[in-house]
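Engineer: Generate coordinates for the sequence data below:
(4 chains)
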There are 2 protein chains.
Amino acid sequence: MSKDASAPKRRIDRDALLPPMAQFLLENGVHAASLRPLAKAAGTSDRMLVYHFGSKDALVEEVLMWLADGVQAQLGLLVPAQREGTLASFATMLFELLRQPMLRPHLALLMEVSAFCARGQDDFRKVSEQVVDSYHSWLMDVMPPTHGDRTAAAAHMLATVEGALMQDMAGREAFARMALDRAFAD
Amino acid sequence: MSKDASAPKRRIDRDALLPPMAQFLLENGVHAASLRPLAKAAGTSDRMLVYHFGSKDALVEEVLMWLADGVQAQLGLLVPAQREGTLASFATMLFELLRQPMLRPHLALLMEVSAFCARGQDDFRKVSEQVVDSYHSWLMDVMPPTHGDRTAAAAHMLATVEGALMQDMAGREAFARMALDRAFAD
DNA sequence: AGAATAATGTAGCGAGTGCTACAAGAGGAA
DNA sequence: TTCCTCTTGTAGCACTCGCTACATTATTCT
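Structural biologist: Okay, here's the model as predicted:
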């Protein structure tokens, strides 16, 4: 009777493991995520991680999903809706924001996961799809006024900024900025 | 005297190991590249790989560099210089080309390596930089006529197509195509 | 209370990791 | 021939991997 059927008490402890493991993933990447280091980061044991999450793959997927939700919330707080302003300045602002040390690891994670998908390993397909959808719907809400199909406009904005960020992360910041300057120079 | 000092005979065998190992990297990714599977793919032993390349990290870097060169050459053969035509149709053609099963694994590899760089692990920074530079200089040669700074135009083209491909690989082909359609709709 | 269930620690298995010590074959140089 | 360097196979080391069997405690229900 004291127990709420919709929220079993034991799940609370389990969910508390997610943030430190997410932090570990951000710092080290999916490829370096093995049970024992993850457990150490979360202050528990590999034994318990398997007990709570079933397997390492299920664990990583859950942590990535949790991270995806978190990023969307974080962006919502950082960037208010732009009722005016140019697409060019918005794109630059977004580029600088995602470049920052705070958000850059998230992007690295997205790229790592997308690389898996590109190779046909669908382990994290849902994750990458949700991340892209999150960015896209967030852009629909927050980007400056556009003409024509706003869905396409948001996809365009996302592709442009992500493409620039890809060049930047690959060590070619100058190319990235040139691309951005040209993309919305109407 | 029979030995040519500028081309030691033993190097020939060594370089013959590169193609099969590159194939392995394309199919399985850097994260899955360990010595014994690589050796099996190349028809030799882990012992020999370390003997020839010094260490696993040096090996992978060399294979990636070899691949980077190969892609540039491959693109040069596939796409002749476009002296006329629109940027929009060129971008679409490039998108479809890089999406193909033949080239998609190369992109997956680039993303995986770029993810490393984004996290500050500089192991493969030279690789990612060379790949981006290769694509860029190739675009400068081959893309249709542009107005203004052609370096910036090539960077813009590269960012747009790569951004679209990123969404595509993440499972959102529709967004990718919308972005492309809008990017060069002048 | 006792019984049932959930949670956790300990220890380990079999496989795989990068890498190396050692010895032996191969081939040319003296 | 003997020597020397290059190349290669065998065997293994110390380690990590995901995961599990087993036992033990903690909690909750009756």
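Engineer: which intervals of chain A have sub-threshold pLDDT?
Structural biologist: Along chain A, segments meeting pLDDT under 70 span A:1-12.
Engineer: Where do the helices of chain A begin and end?
Structural biologist: A:10-16, A:18-28, A:35-42, A:46-53, A:56-78, A:87-99, A:104-118, A:125-142, A:150-169, A:173-183 (DSSP state H).
Engineer: can the ones you listed go into TSV with extra columns for distance to residue B:86 and mean neighbour count?
Structural biologist: In short, each C-beta sits where N, CA and C put it, glycine included. Output for the helices of chain A, formatted as TSV (distance: least, Cβ to Cβ, whole Å; neighbours: other Cβ atoms under 10 Å in any protein chain shown):
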stretch	distance to residue B:86	mean neighbour count
helix A:10-16	52	11
helix A:18-28	41	18
helix A:35-42	50	18
helix A:46-53	51	16
helix A:56-78	34	17
helix A:87-99	21	18
helix A:104-118	27	25
helix A:125-142	26	19
helix A:150-169	17	26
helix A:173-183	16	22
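Engineer: who wins for proximity to residue B:124 among these?
Structural biologist: helix A:150-169 (11.6 Å; Cβ to Cβ).
Engineer: Quick one: list the elements packing against that closest one.
Structural biologist: helix A:87-99, helix A:104-118, helix A:125-142, helix A:173-183, helix B:104-118, helix B:150-169, helix B:173-183 (3 or more Cβ pairs under 8 Å, 6 or more residues apart in numbering or on different chains; DSSP states H and E).
Engineer: can you tell which of the ones you listed is closest to DNA strand C?
Structural biologist: helix B:104-118 (15.3 Å; Cβ to the nearest atom of the strand).
Engineer: Contact partners for residue A:113?
Structural biologist: A:30, A:64, A:124, A:127, A:128, A:131, B:170 (Cβ atoms under 8 Å, 6 or more residues apart in numbering or on different chains).
Engineer: quick check, nearest of the residues you listed to residue B:185?
Structural biologist: residue B:170 (23.1 Å).
Engineer: returning to what we had before: right, so of the helices of chain A, which gets closest to residue B:17?
Structural biologist: Across the helices of chain A (criterion: Cβ to Cβ), the nearest stretch is helix A:104-118, sitting at 24.3 Å.
Engineer: To residue B:108, which of the helices of chain A lies closest?
Structural biologist: For these, proximity to residue B:108 was assessed by Cβ to Cβ; helix A:104-118 is nearest, at 3.8 Å.
Engineer: so the closest one versus helix B:87-99, what angle?
Structural biologist: Orientation check (axes from the mean of the first three to the mean of the last three Cα atoms, to 10 degrees): helix A:104-118 against helix B:87-99 gives 70 degrees.
Engineer: Send me helix A:104-118 as PDB with only the CA atoms.
Structural biologist: Coordinates of each C-alpha in helix A:104-118 appear next as PDB, following Å, rounded to 0.1, in the frame of the first residue of the first chain:
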ATOM      1  CA  ARG A 104      31.600  19.500 -28.000                       C
ATOM      2  CA  PRO A 105      31.800  16.100 -26.300                       C
ATOM      3  CA  HIS A 106      28.100  15.700 -27.100                       C
ATOM      4  CA  LEU A 107      28.800  16.300 -30.700                       C
ATOM      5  CA  ALA A 108      31.700  13.800 -30.600                       C
ATOM      6  CA  LEU A 109      29.300  11.200 -29.200                       C
ATOM      7  CA  LEU A 110      26.800  11.900 -32.000                       C
ATOM      8  CA  MET A 111      29.400  11.500 -34.600                       C
ATOM      9  CA  GLU A 112      30.700   8.300 -33.100                       C
ATOM     10  CA  VAL A 113      27.200   6.900 -33.000                       C
ATOM     11  CA  SER A 114      26.400   8.100 -36.500                       C
ATOM     12  CA  ALA A 115      29.500   6.300 -37.700                       C
ATOM     13  CA  PHE A 116      28.100   3.100 -36.300                       C
ATOM     14  CA  CYS A 117      24.900   3.700 -38.200                       C
ATOM     15  CA  ALA A 118      26.700   4.500 -41.400                       C
END
